[in-house]
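J.: Got a sequence here, can you build the structure:
(2 chains)
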2 protein chains.
Amino acid sequence: MNIEEFFELSAGKWFSHRTSHNLALNKSEHGKSEIITEMLAADHPEVAKLCQKYEIDPKFASCGARVTWNGKMESHEEKHTGSTVLVTVPNEDNPNEGKLLREMGFGEKAPVAGSYKIGSDEALTLITEYETMWAEERLWFASPNLRMRVSVLKRLGSFSMGSFTSEIRMGGTSPAKASEAANSASS
Amino acid sequence: MNIEEFFELSAGKWFSHRTSHNLALNKSEHGKSEIITEMLAADHPEVAKLCQKYEIDPKFASCGARVTWNGKMESHEEKHTGSTVLVTVPNEDNPNEGKLLREMGFGEKAPVAGSYKIGSDEALTLITEYETMWAEERLWFASPNLRMRVSVLKRLGSFSMGSFTSEIRMGGTSPAKASEAANSASS
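T.: Modelled structure (predicted):
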């Protein structure tokens, strides 16, 4: 699986169930949301726009995605909704690793490019470093209709948060992968 | 890291925080426990005893561990306590993979040997297949004092459960790895 195939398999509507463990307080928090991922071709205007923010020539982008979420955390009344654009810029010598660009997060002063890596085990690892924070996320497909994510967050040198997300594809499979999904989900 | 080093780093007393996601019902459940892992040398009598149950010559065992737990799930009144013995039997041609023997689980008729694999990313993957169930667990150290575990369970062909466990070493570091732990936890 390459990064474009990983994005392609991620396309669609997902039910997402997230649990975070606060490692200092030994407390946990749940959230549930619907996530819609739309694949963007490398030449999509949104991909070019994001590349320009990072001062990267859009011709180096290999694919993109728009991710939209709508959910709530157990302990909060308000709903969390939002959307972001992601763009992959593979390394020239090894396309299984590269930069991951995304629209600026809340409270960020400047765009921070993360890095991605697709391992030989077909898991995708994303690493983002901020001034005082370091985040690593690992994503993989247990089956084409079940995606898992684990992330750890380090603040000021010590791990502060671990979180686990299980995501189930809603309303069947992605059209492109329907037959493959049917085979793999039952194997 | 080889399998013996992974066991060695696991030795000690851990605070374990587990969350399970029931994938069919979208419900989750928490549990907290204390886990004590004691390393057993390859020539320990308990290691030999377990090998004999599996009809394996004890000379092929590379190491063992006794794991004792004491905890409770959020939704249950009763405490869960127990202990088990694990033994690794590396493949002759590649010691990073092999069999994982363990004392019989509750309700099991016959001993079922699982398999282990240490990846190039230093994560340990355990796979156990039963008659109607398949379980995969991935364990890794985010730092020497923080161990993470993710498992997925498949019953009768479809995924039924995903769970996430964060484990924090209690009362300082393992003696053998104290200086290394101090370095890595702050890096």
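J.: Please give the three-state secondary structure assignment for the residue in chain A positioned nearest to chain B.
T.: For chain A, the residue positioned closest to chain B under Cβ to the nearest Cβ is residue A:164, at a distance of 3.1 Å. Backbone N, C-alpha and C define where each C-beta goes, glycine included. Following DSSP: H, G, I helix; E, B strand; the rest coil, the label given to residue A:164 is strand.
J.: separation between it and residue B:47?
T.: 33 Å (Cβ to Cβ, to the nearest Å).
J.: Then residue A:45?
T.: From residue A:45 to residue B:47 the distance is 63 Å (Cβ to Cβ).
J.: Residue A:28 is in contact with residue B:18, isn't it?
T.: No: when contacts are counted by Cβ atoms under 8 Å, residue A:28 is not listed as touching residue B:18 (9.7 Å).
J.: shared neighbours, the two?
T.: residue B:30 (Cβ atoms under 8 Å, 6 or more residues apart in numbering or on different chains).
J.: What is the burial count for residue A:52?
T.: 11 (other Cβ atoms under 10 Å in any protein chain shown).
J.: Hmm, it is touching residue A:58, no?
T.: Yes: applying Cβ under 8 Å, one finds residue A:52 in contact with residue A:58, separated by 7.1 Å.
J.: got the contact list for residue A:168?
T.: Residue A:168 touches A:14-15, A:17, A:145-146, B:23, B:26, counting by Cβ under 8 Å, 6+ apart.
J.: touching chain B at all, the top strand by length along chain A?
T.: Longest among the strand segments of chain A by residue count, using DSSP state E, is strand A:27-40. Yes: counting by Cβ under 8 Å from any Cβ of the partner chain, chain B has neighbours in strand A:27-40: A:28, A:30, A:32.
J.: So in terms of bridging, what pairs with the first one?
T.: Which is residue A:28. For residue A:28, the beta-bridge partners are residue A:21 (DSSP bridges).
J.: Counting neighbours, what do you get for it?
T.: 22.
J.: ok, so what distance separates it from residue A:156?
T.: Distance from residue A:28 to residue A:156, by Cβ to Cβ: 22 Å.
J.: Likewise for residue A:112?
T.: 17 Å.
J.: more neighbours, those two?
T.: residue A:112 (16 against 9).
J.: thought the more buried one was touching residue A:133?
T.: No: Residue A:112 is beyond contact range of residue A:133, at 9.8 Å (criterion: Cβ under 8 Å).
J.: how distant is the helix or strand hosting residue A:81 from the center of its chain?
T.: Taking DSSP states H and E as the definition, one finds residue A:81 inside strand A:80-90. Relative to its parent chain, strand A:80-90 has a centroid offset of 8 Å by Cα atoms, centre = their mean, to the nearest Å.
J.: Many thanks, I have nothing further to ask.
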